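Asks: for reference, the sequence and a predicted model appear below.
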Amino acid sequence: MSELKLAEELSEIEKTALKALVKQKQLTFEELIKATKLNIDSARRATEWLAHKKLALTKSKIKTKKVLTKKGLKALEKGLPEKRLLKTVLKEKISISELAEKASLEKEEVNAALGENKKNSFIAIENGLVSATSVGKEFSAKESEEEKILKKIKNNEKTENVSGLTERGLIEEKTVKEIKMELSEKGKKVYELLKKVKKRTFVLDEQVEPFYIGKKQPYVQFLNSIRRKLTELGFKEMESPLIVQEFYNFDVLFQPQNHPARTWSDTYQLIKPKQGRLPDKKIVKSIKDAHEHGGISASSGWRYSWLENIAARIMPAAHGTAHSAKQLVKGVEMPGKYFAIARCFRPDVIDSTHLIEFNQVEGFVVDKNLNFKHLLGILKDFATEIAGAKKVRFYPDYYPFTEPSVQLSAKHPKLGWMELGGAGMFRPELLENLGIKGQAIAWGLGIDRLAMFKLGIKDIRELFSDNLQWLRDSKMVIK
Amino acid sequence: MVKRFKNGDKIMPTITANYKDLCQLIGKKLSKKELEKMLMFVKGELDEFGEELKIDVKETNRPDLWSAEGIAREIKTRTGKTKGLPKYKTIKGKISCTIEKSVTKTRPFITCAIIKNVKVTEHLLEQIIQLQEKIGTTFGRKRKETGIGLYDLDEMVPPVFYKGYKNSEIKFVPLEFSKEMNPKQILREHPKGKEFGYLLEESENYPIVIDSENVVASMPPIINSEKSGKITKKTKNIFLEVTGFNWNTCNTALKIMSMALMDRGAKIETVKMIFPKRPLYPKKSILTPEFGTKKISFELSLIEKISGLKIEKKELTELIKKAGMNPKIKGKKIEVEYPDYRQDVLHAVDIIEDILISKGYNNIELEKIEMDVKGKELEKTLLVDKVRDVCVGMGLQEILTFNLTSGEKQKSIGEKNFVELANPVSKEWGVFRKKIIPEHLEFLQKNKRYEFPQKIFEIGNTLELDSKKETGVKENESVCITLSDKSTDFNKIKSHLDSLCKAFAWNYSLTKKDLELFEKGKSAEIKIGLNRGIIGIVSKKTMEKFGLKEKTAVLELEF
């Protein structure tokens, strides 16, 4: 492209940047912003475009820079551990064992902080009681050298020796890329030609500024598409609160109170609130009977004595079936199809395949005459409609509240065989004692792998992405 | 009903087995594919395949399946190698075990068996220890309900006694230790004592298994003695005991352990259990283990009702026999006899599932459900979606954050009194959020490098304590809008509120209110009927706390 043509097609931000370059010959990115008063994004664009047209040459250099670590930031905000300790003992003597709590220090910080203060004779320790010395009292009011250094680093000022603070993990070195721009010969010529250009030529294939539109979160879009498919299949949505009584999460579902799943290892418990209210006495009695001796069903029950105050405990919903349980207690339409997209909570190690807070799609189908063949039929429907699968496989499975129980595997066209969900016929102990005359098929779908596939992500945590640019660039989820 | 059992979840037993050994027990070399198919019979999933296998057994109600022997036993029955009720016979032994009154308050039951002519191999040892461990942990509720002990019989001098001792009355050398210790020392110092000590914490008398020469065998369910409580490859005869609080549960565990050893060729001799006076105990004395059966009888028509299948009587008999049970069809009724260790059978449906498993789930034809019902979303969902539409229309990017968050973060904007977890995995996720705002400020902090203006919104739950609610928690539906760039001012955020409210014809009013989070004089409370919200310019102090530089305004509103 001729230089004149280049000059004719230059945009305003490019002209501004070029002008600054002609003046200064060489500029870092920060200097360019200062000189031109362009905002950071326009400056970035101008740099990119000028470099692309070879009007400027860019060189990048890797530099190291000192920054505060998380610990360093905390120390700057709340004071260094030794300072905090010192301030705590200014007015009264405090025993070593209480120091951590009173100075809000981590246990492992206490010893180091004691040592540091002792070394400088800021504190005295007598019979396990710590008090501040007069030197310490004087010192506590002043800003220490370390604190000065931390402040300087926070403000990007030059600092001297910081090795002690690096060792303590308050400061770390970070590498940063510094970009330097230099005017090219071509750039110089084009700038000269600018004077001759009266009007900018319209450029069709020019890069345009991105326009960030309002968009729904991709995982929300995905969940909404699942919700729509389920309503199309005739399902009614159920309430799905985050917090439930154990009664719904466990007892209505015929999980005995001494069942290992009720212990701490896999459900959350609450400090506040602890106890909630149970429904109608008659219903509570029928669930008690179901557990103790089968109630009105032809079951032996679990044969133990069922306690109301355990059932009244409050917990975060651990599975979506808790909401099916509540719907069954409230009453159902016959025939009826129900579903919920429920936020569930379980203590777990958070990693690329596990979250402690996740969504479950759960529900049930209820009618006078439903059987195992229908159960397999509806699972096949789910596989086709939700996962686009043509082939399915069924495996015997176990749930405390269903019998028979099934695991559904479906062959996804791209992902291959995947575990898509679980299902079963609600146990008669459960249905009969709630006065439901008929059968109910309970089901649940594991949709996270599908969601990850649809959104093109490998890490489950990205369903709740905290990266704005990823969200801005995400594609719409159509079905 | 979606299993998430991979991490840290100890509910579902994962069984380790040697591939060759398992095939030998089954009596057939199986390929990986064949094995996977066979594992369906135990609700098992092959987790790892190789010389060593890892099998997740999803059946948490059938401890008889939690060993290589148990898995092999079930597969052999289901494939027709051995049909009907399993046949386990005991020989009447001469040894007795006396339960003394002194132990009844602490841990009242013990049940025992003698295992003779054991060929202790590496695989047997591995399986027996695993089965003991799995039963103790899952079925025995961390040894509380049942704990199992195995001893070298030749190191003991029967008869055996199960007695309670005061701390000062007894001393022995616990397993893997070299000095004599009293019960309290063991609970304090021995690793197993520390782990399970709480089970005996409140007892006055410590339960002790001791022989006729006053040599201690163990303090169940904590630890065996170094003297006799070790099984090695040299062991020929084993003394097996199960202790606990429920006679039936203990005997189930005893039978399951005995069967696994018998599957490997051992002979089982009974032990005469001698009890103190009733009412706690079933009889004066009893021989254990006793392999009995139970019967359940139900209408034949129930099978068709639940399964949807018409099964001929001959096939039905076959399918039930393949489940290790014996059926008797009498007119319109069927009576099924099953081993008494199958404590999972509570109702006829449990038998019907077994019939279907014998039949093979994938051999059953599917049937479509015909129902004349209409699907419907909740009113609340519809509203949430419309609020979302309006926010998108205002050019905002939706984000999604978690309900669980750190109390510290919430407190940093002046909130308190949260719905709080008792057992959080970390403080970072210790409370339910009361406001979405802090999550948004943190979001901005993580995205400072991206282009401004940054305009985001989120719709989600916010939780507050409220004793009027049945769960003690009020769950709000809230929308949070956050704008950040240098041109941000109060009017800009207010115009978002105004447009949102107009779109739903919500009559809102603003009252000046200073809040910790906001710049003084530039914040207000929003009222729409009973719903509340806040709006304002984020103060410099809050900006610093979250490490933000660009001017930021937020609004959060319940709807």
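Replies: Everything's here; your move.
Asks: domain map for the chain?
Replies: Unless you meant another one, I'm taking chain A. A:3-61+A:174-194, A:70-171, A:219-473 (automatic domain parsing).
Asks: my question was about chain B, not that one.
Replies: Looking at automatic domain parsing, the domains of chain B come to B:14-78, B:96-288, B:293-361, B:379-558.
Asks: let's have those domains in CSV, adding mean pLDDT.
Replies: What follows is the domains of chain B, written out as CSV (pLDDT from 0 to 100):
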stretch, mean pLDDT
domain B:14-78, 94
domain B:96-288, 92
domain B:293-361, 96
domain B:379-558, 95
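Asks: looking at those, which is nearest to residue A:389?
Replies: domain B:293-361 (16.7 Å; CB to CB). Every C-beta, even on glycine, is put in place using the N, C-alpha and C of the backbone.
Asks: what's next to stretch A:304-312, contact-wise?
Replies: Around stretch A:304-312, the neighbours that count as contacts under CB atoms under 8 Å, 6 or more residues apart in numbering or on different chains are A:245-247, A:250-251, A:256-258, A:275-278, A:284, A:287-288, A:291-292.
Asks: ok, 7 Å please
Replies: A:245-247, A:251, A:256-258, A:275-278, A:284, A:288, A:291-292 (CB atoms under 7 Å, 6 or more residues apart in numbering or on different chains).
Asks: try stretch A:316-323
Replies: By CB under 7 Å, 6+ apart, stretch A:316-323 touches A:238-240, A:242-244, A:248-249, A:253, A:267-268, A:340, A:342, A:344-346, A:360-362, A:401, A:442, A:444, B:1.
Asks: what's the average pLDDT for that stretch?
Replies: Across stretch A:316-323, the average pLDDT comes to 94.
Asks: same check on stretch A:397-409?
Replies: Here the average pLDDT along stretch A:397-409 is 93.
Asks: quick one: that stretch near chain B?
Replies: Yes. Applying CB under 7 Å from any CB of the partner chain, one finds stretch A:397-409 touching chain B at A:397, A:398, A:399, A:403, A:404, A:406.
Asks: out of those, which is nearest to residue A:383?
Replies: For the residues of stretch A:397-409 next to chain B, the nearest to residue A:383 is residue A:406 (12.1 Å; CB to CB).
Asks: list the contacts of that closest one.
Replies: Counted by CB under 7 Å, 6+ apart, residue A:406 has contacts A:375, A:379, A:394, A:395, A:397, A:422, A:423, A:424, B:361.
Asks: of the residues you listed, which belong to helices?
Replies: A:375, A:379 (DSSP state H).
Asks: top of the contacts of residue A:406 by neighbour count?
Replies: residue A:375 (32 neighbours; other CB atoms under 10 Å in any protein chain shown).
Asks: circling back: turn the contacts of residue A:406 into CSV, including distance to residue A:460.
Replies: Compiled in CSV, these are given as follows (distance: CB to CB, whole Å):
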residue, distance to residue A:460
A:375, 29
A:379, 24
A:394, 26
A:395, 23
A:397, 23
A:422, 19
A:423, 23
A:424, 26
B:361, 29
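Asks: pretty sure residue A:117 sits in a helix.
Replies: Yes. Residue A:117: assigned to a helix according to DSSP: H, G, I helix; E, B strand; the rest coil.
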